[in-house]
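>>> Here is a sequence with its predicted model. Questions after.
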Amino acid sequence: MTFQEFKEKHQKTAVQEVSSSTPKNPVVSVMVQTYQQKDFIRECLDGILMQKTTFDFEILIGEDGSRDGTREICLEYANNFPGKIRLFLHHRENQIKVLGEATSNFNAFYNFYSARGNYIAFCEGDDFWEDPLKLQKQVDFLKFNTEFIFTYHRVDSVNENSQSIPGLEDYTQPELDIPSEDLLKGVYHPLLLSICFRNVLEEIPREMTQVINVDTFLLSLLGRYGKAKFLREIKPAKYRKHSGGIWSTRGKKMKYLSKIITFRELSRFYHRQEDVVLNEFYFNKLKSSYKMLINHYLKNGNLVSAAKSLVKLLMLRNKSQESRVKSQEPRKKRREK
């Protein structure tokens, strides 16, 4: 999906870009998506602006129509740092909904299409970096190690007051080099705020715009281009866990449903790419997620929802069997000839 196709499909109101004087050919583009984060956005932007580099970088802020003062803070920073910041003012009617919920997908993908850098880094508006040499260290490594598609580093969790808290929500940040095969299958899941990757994706797969777990999809895509390097020498980035966090506010049901959609779209994408192995892999993960959702419904006495999900699971199995039969038909015909 090209940028033009993306806007034609999802943009209802034109996005306003605030005037800036950022470099036309930066080495790194740092993507910041923010909404209703007035208490955190300054710490986020300060952590990026303090980066000490021998190269130019740009900060792309996607402000998603906040009403709590976040937009005003972003405008303040854009006016004070016009040579570093490109600010995009978004409108709520452009949001892409998944499972009936508004997501930040339009904001994030608009930033991605607008990025000019050879490398891309992330820092959501409620997270922040502490190492002023983070970008320099990551780019230096990638520059001389072309077999790696991205680098990443440690992450610590902090609360609303930026105080450290133990552990991440559902998993531990891996601390090892990750082969491309494991990236493709999502074996490890480094957090995006620690990642700096080569800007190799010219277009966004249409399936990727329809998921909540965009990071899961992105890591699999990057695995097609190389492996990942863990850089221990970079100070941990700070991942904020708070009541307004998107993922932390979802219950188990929504998390299962989100995984179902992610694995479904990944399976469809790899089917379209004629990658039989990954198509089958994510199709099996899709079926496993349905089973977990059904068990969740049963434990909570929701028999109707469990039965509906079971029907969907059985339909998936039937479709899988039908597709296998169709894929075998050409072979049979060739043998007959």
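Perfect, thanks for sending it.

>>> Tell me where the stretch 51-200 of the chain has helices.
Secondary structure of the stretch 51-200 of the chain (DSSP state H, counting those that start in this stretch): helices at 70-80, 105-114, 134-144, 180-184.

>>> Equivalent analysis for the stretch 201-337 of the chain, please.
Listed in chain order (using DSSP H, counting those that start in this stretch), the helices of the stretch 201-337 of the chain are 214-222, 252-272, 276-299, 303-336.

>>> So, low pLDDT: which residues of the protein?
Within the chain, the ranges that satisfy pLDDT under 70 run 167-171, 243-250, 319-337.

>>> Need the residue closest to the centroid of it.
In the chain, the residue lying closest to the centroid (Cα atoms, centre = their mean) is D215, at 2.7 Å.

>>> From what I see, that residue and G186 are in contact.
No. With contacts counted by Cβ atoms under 8 Å, D215 stays clear of G186, the gap being 9.8 Å. Glycine gets a C-beta too; all of them are placed from N, C-alpha and C.

>>> Please work out which of the helices of the stretch 51-200 of the chain is packed deepest.
Ranked by mean neighbour count under mean count of other Cβ atoms under 10 Å, the helices of the stretch 51-200 of the chain are led by helix 105-114, which reaches a mean of 22.

>>> Only C-alpha atoms, please: export that one in PDB.
Presented in PDB, the C-alpha positions along helix 105-114 are these (Å, rounded to 0.1, in the frame of the first residue of the first chain):
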ATOM      1  CA  ASN A 105      -2.500   3.200  13.500                       C
ATOM      2  CA  PHE A 106      -3.300   6.100  11.200                       C
ATOM      3  CA  ASN A 107      -1.000   8.400  13.200                       C
ATOM      4  CA  ALA A 108       1.800   5.900  13.300                       C
ATOM      5  CA  PHE A 109       1.700   4.900   9.600                       C
ATOM      6  CA  TYR A 110       1.400   8.600   8.600                       C
ATOM      7  CA  ASN A 111       4.700   9.200  10.500                       C
ATOM      8  CA  PHE A 112       6.200   6.100   8.900                       C
ATOM      9  CA  TYR A 113       5.400   7.300   5.300                       C
ATOM     10  CA  SER A 114       6.700  10.800   6.100                       C
END
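
>>> Now do it against helix 214-222, angle only.
Using axes from the mean of the first three to the mean of the last three Cα atoms, to 10 degrees, the interaxial angle of helix 105-114 with respect to helix 214-222 works out to 30 degrees.

>>> Distance to C44 for the helices of the stretch 201-337 of the chain - can I get that in TSV?
Written out in TSV, the entries for those read as follows (distance: least, Cβ to Cβ, whole Å):
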stretch	distance to C44
helix 214-222	17
helix 252-272	24
helix 276-299	32
helix 303-336	38
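
>>> which one of those lies closest to K9?
Evaluated with Cβ to Cβ, the helices of the stretch 201-337 of the chain place helix 252-272 nearest to K9, the distance being 15.4 Å.

>>> What are the buried residues along the closest one?
Taking 16 or more other Cβ atoms under 10 Å as the neighbour-count basis, helix 252-272 is seen to contain the buried residues 255-271.

>>> Take it, keep the C-alpha atoms, and write them as CSV.
Backbone C-alpha positions of helix 252-272 (Å, rounded to 0.1, in the frame of the first residue of the first chain) are rendered in CSV as follows:
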residue,chain,number,x,y,z
LYS,A,252,-7.8,-10.8,28.8
LYS,A,253,-10.7,-11.1,26.3
MET,A,254,-9.5,-8.1,24.3
LYS,A,255,-6.0,-9.3,24.3
TYR,A,256,-7.0,-12.7,23.0
LEU,A,257,-9.1,-11.0,20.3
SER,A,258,-6.2,-8.7,19.4
LYS,A,259,-3.9,-11.7,19.0
ILE,A,260,-6.5,-13.5,16.8
ILE,A,261,-6.6,-10.5,14.5
THR,A,262,-2.8,-10.2,14.4
PHE,A,263,-2.2,-13.8,13.5
ARG,A,264,-5.1,-13.8,11.0
GLU,A,265,-3.6,-10.8,9.1
LEU,A,266,-0.1,-12.2,9.3
SER,A,267,-1.3,-15.5,7.9
ARG,A,268,-3.1,-13.6,5.1
PHE,A,269,-0.1,-11.5,4.3
TYR,A,270,2.2,-14.5,4.0
HIS,A,271,-0.4,-16.4,2.0
ARG,A,272,-0.3,-13.4,-0.4
